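1. All I have is the shape, not the residue letters:
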């Protein structure tokens, strides 16, 4: 047995869990309830201006990347619980999917 | 006297055998909905980078009936994630103040206050 | 005819049985009896071939752990009156090989306990002449609950990760390591890390929390493990940012 490098995966997982818990529900409230009901309007100019600002970019990136990583790591562990194996395929699927989302978010934010 | 230890097999359905494990699976499943909504957010950011028309199309798409149903499902599960995450935090990060442990309820309560504060800040930022 | 209650007990006699099977016994119902009393009645009056572990009959020795109606419990700590009118199913602890009847093979547990170096490893060698270690009540308070483990193995029976991976060091052993890591007299966290912070140590845990739910002594091994995850992650970051600076 040797000391594991799991903290590399676990630290962003833990951070993502907290960010997801604090931020995701209100975001869904906005995009899933308030905007469809017409109570709120997400104007392109306003959101793009926020995303143009470096702090805005950081916040938006954090709100997407960390929860995405959290989901990936947790789903990988759950796949093992469900007997879907702890092999390389599950790891690639989970972290790969998160990687795609993170890169897409990063790419989009850099472009704005 | 011959020994012949018998090892009972763990079934794939082990988590269905007790309510405690079913609840655990539901708790873990909340991360699927966190991930799916992050995908929606990522798509949103990409559409935002593609300009006004692309963004409006994205807003229209997630405001439709399918989008709303999906998001309401996400809302239920991600709220359950928040509730269970806050409940477990005092176990992972016990606080000692002046040699006495801070009651778990205080740590959990502080998280709910933070949750409310962040939510209100985001709502105000979004123009409520 | 005084009241009775039925026990359905898993039997396994390796000399004759190819696999375990249930056997029913009808025992007297008494309000003050625990399942252990019912088992003792079976052995004394109904079936002397039944084998099971027990000792103190007061939930301090940790010997009588069993699965009672699908729940890991101490048989001396489980009252018949909570199952009145029903059938009590008694099986050996989950996740361990069955030696005979309700007796499990606990060698793996003993190995895992000793693997975490469950003894004080002083920060520095001190001669006897320098006197005893001093510890304040506050310092004791920090790790006291983790000293309460009676090695009953209910947590191993409850933990699904123990069931899915027989190499997982497990809740009690990791809680015991935490007991020493938190002890102000101890300096052995790094020495324990090879086992505790390995993939088969804390990182196998997914915080199901079943271990803490079934623990008869409120040790809360789940909390111990999560705290160790944070501690191990901080140490990992320290090693990453300042390699070689820490032992």
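-> Good, I have the coordinates. All values reported here derive from a predicted model rather than from experimental measurement.
2. per-domain residue ranges of chain C.
-> Domain assignment for chain C by automatic domain parsing gives C:4-104, C:107-241.
3. I'd like these as a markdown table, with distance to residue B:73 and mean neighbour count appended.
-> No exception for glycine: its C-beta is placed from N, CA and C like everyone else's. Below are the domains of chain C laid out as a markdown table (distance: least, Cβ to Cβ, whole Å; neighbours: other Cβ atoms under 10 Å in any protein chain shown):
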| stretch | distance to residue B:73 | mean neighbour count |
| --- | --- | --- |
| domain C:4-104 | 31 | 17 |
| domain C:107-241 | 23 | 19 |
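4. give the contact list for the residue sitting nearest the centre point of chain A.
-> When Cα atoms, centre = their mean is applied to chain A, the residue found nearest the centroid is residue A:68 (2.6 Å). Neighbouring residues of residue A:68 by Cβ atoms under 8 Å, 6 or more residues apart in numbering or on different chains: A:16, A:98, A:101, A:102, A:105, B:34, B:35, B:38, B:39, B:42.
5. Present those residues as JSON lines; the columns should include neighbour count.
-> Formatted as JSON lines, those follow (neighbours: other Cβ atoms under 10 Å in any protein chain shown):
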{"residue": "A:16", "neighbour count": "25"}
{"residue": "A:98", "neighbour count": "26"}
{"residue": "A:101", "neighbour count": "25"}
{"residue": "A:102", "neighbour count": "20"}
{"residue": "A:105", "neighbour count": "26"}
{"residue": "B:34", "neighbour count": "26"}
{"residue": "B:35", "neighbour count": "23"}
{"residue": "B:38", "neighbour count": "30"}
{"residue": "B:39", "neighbour count": "17"}
{"residue": "B:42", "neighbour count": "22"}
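6. So the least confident helix or strand in chain C by mean pLDDT, near chain B or not?
-> The helix or strand of chain C with the lowest confidence, counting by mean pLDDT, DSSP states H and E, is helix C:137-143 at a mean of 93. Yes. Helix C:137-143 is in contact with chain B by Cβ under 8 Å from any Cβ of the partner chain, via C:138, C:141, C:142.
7. Where does the prediction get shaky in the chain?
-> Because you didn't say which chain, this covers chain A. Along chain A, no part satisfies pLDDT under 70.
8. try chain B instead
-> For chain B, the ranges with pLDDT under 70 are B:1.
9. what residue is smack in the middle of it?
-> residue B:81 (2.9 Å).
10. which residue packs closest to that residue, ignoring adjacent ones?
-> residue B:30 (3.8 Å; Cβ to Cβ, 6 or more residues apart in numbering or on different chains).
11. For that neighbour, give me its contacts.
-> Counting by Cβ under 8 Å, 6+ apart, residue B:30 touches B:77, B:78, B:80, B:81, B:84.
12. quick one: is the host helix or strand of residue C:99 near chain B?
-> Using DSSP states H and E, residue C:99 maps to strand C:98-100. Yes. Counting by Cβ under 8 Å from any Cβ, contacts between strand C:98-100 and chain B involve C:98, C:99.
13. contacting residues around that strand?
-> Here strand C:98-100 makes contact (Cβ under 8 Å, 6+ apart) with B:3, B:5-8, C:10, C:12-14, C:20, C:51, C:92, C:104-105.
14. Check which element follows that strand along the chain.
-> Reading on from strand C:98-100 to the C-terminus, the next helix or strand found by DSSP H and E is strand C:103-104.
15. Just the residues contacting whichever helix or strand comes after that next one, thanks.
-> Following strand C:103-104 in sequence order, the next helix or strand is helix C:107-115 (DSSP H and E). The contact list for helix C:107-115 (Cβ under 8 Å, 6+ apart) reads C:96, C:151, C:153, C:156, C:166, C:169, C:170, C:172, C:173, C:176, C:195.
16. circling back to that earlier point, next up, the contacts around the residue nearest to the centre of chain B.
-> A:17, A:20, A:21, A:24, B:27, B:30, B:31, B:33, B:34.
17. let's see 10 Å
-> A:17, A:20-21, A:24-25, A:67, A:70-71, A:74, B:27-31, B:33-34 (Cβ atoms under 10 Å, 6 or more residues apart in numbering or on different chains).
18. cool, residue B:124 as well?
-> Applying Cβ under 10 Å, 6+ apart to residue B:124 gives no contacts.
19. and the helix or strand hosting it, how far out from the chain's middle?
-> In this assignment (DSSP H and E), residue B:124 forms part of helix B:104-125. Here helix B:104-125 shows a centroid-to-chain-centroid distance of 15 Å under the convention Cα atoms, centre = their mean, to the nearest Å.
20. Could you do stretch B:4-11 as well?
-> Its chain's C-alpha centre and that of stretch B:4-11 lie 36 Å apart, by Cα atoms, centre = their mean.
21. one step back: among the contacts of helix C:107-115, which are in reach of chain B?
-> C:96, C:166 (Cβ under 10 Å from any Cβ of the partner chain).
22. which of the contacts of helix C:107-115 lies closest to chain A?
-> Nearest to chain A among the contacts of helix C:107-115 is residue C:195, at 5.2 Å by Cβ to the nearest Cβ.
23. OK, contacts around the closest one?
-> With contact set as Cβ under 10 Å, 6+ apart, residue C:195 has these partners: A:1-3, C:112, C:115-117, C:169, C:173-174, C:177, C:201-202.
24. out of the domains of chain C, nearest to residue A:45?
-> With Cβ to Cβ, the closest approach to residue A:45 among the domains of chain C belongs to domain C:107-241: 40.9 Å.
25. so can I have JSON lines of the domains of chain C showing distance to residue A:45?
-> Below are those laid out as JSON lines (distance: least, Cβ to Cβ, whole Å):
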{"stretch": "domain C:4-104", "distance to residue A:45": "59"}
{"stretch": "domain C:107-241", "distance to residue A:45": "41"}
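26. Looking at the ones you listed, which is nearest to residue B:95?
-> Here domain C:107-241 is closest among these (Cβ to Cβ), at 11.5 Å.
27. could you pull out the strands for chain B?
-> Using DSSP state E, the strands found in chain B span residues B:96-97, B:100-101.
28. Just give me the closest of the contacts of residue B:81 to residue A:109.
-> residue A:67 (15.5 Å).
29. Next up, the contacts around that closest one.
-> A:15-24, A:27, A:98, A:101, B:31, B:34-35, B:37-38, B:41, B:78, B:81.
30. do residue C:123 as well
-> Contacts of residue C:123 by Cβ under 10 Å, 6+ apart are C:184, C:185, C:186, C:187, C:188.
31. one step back: what's the distance between the residue nearest to residue B:81 and residue B:112?
-> 17 Å (Cβ to Cβ, to the nearest Å).
32. Please give me every residue in contact with the closest residue to residue C:80 other than its chain neighbours.
-> Distance criterion Cβ to Cβ, 6+ apart; nearest residue to residue C:80, sequence neighbours excluded, is residue C:33 at 4.7 Å. With contact set as Cβ under 10 Å, 6+ apart, residue C:33 has these partners: C:5, C:27, C:40, C:41, C:78, C:79, C:80, C:81.
33. ok and the longest helix along chain A relative to helix B:104-125, angle-wise?
-> Of all segments of type helix in chain A, defined using DSSP state H, the longest is helix A:54-81. Counting by axes from the mean of the first three to the mean of the last three Cα atoms, to 10 degrees, helix A:54-81 points 130 degrees away from the direction of helix B:104-125.
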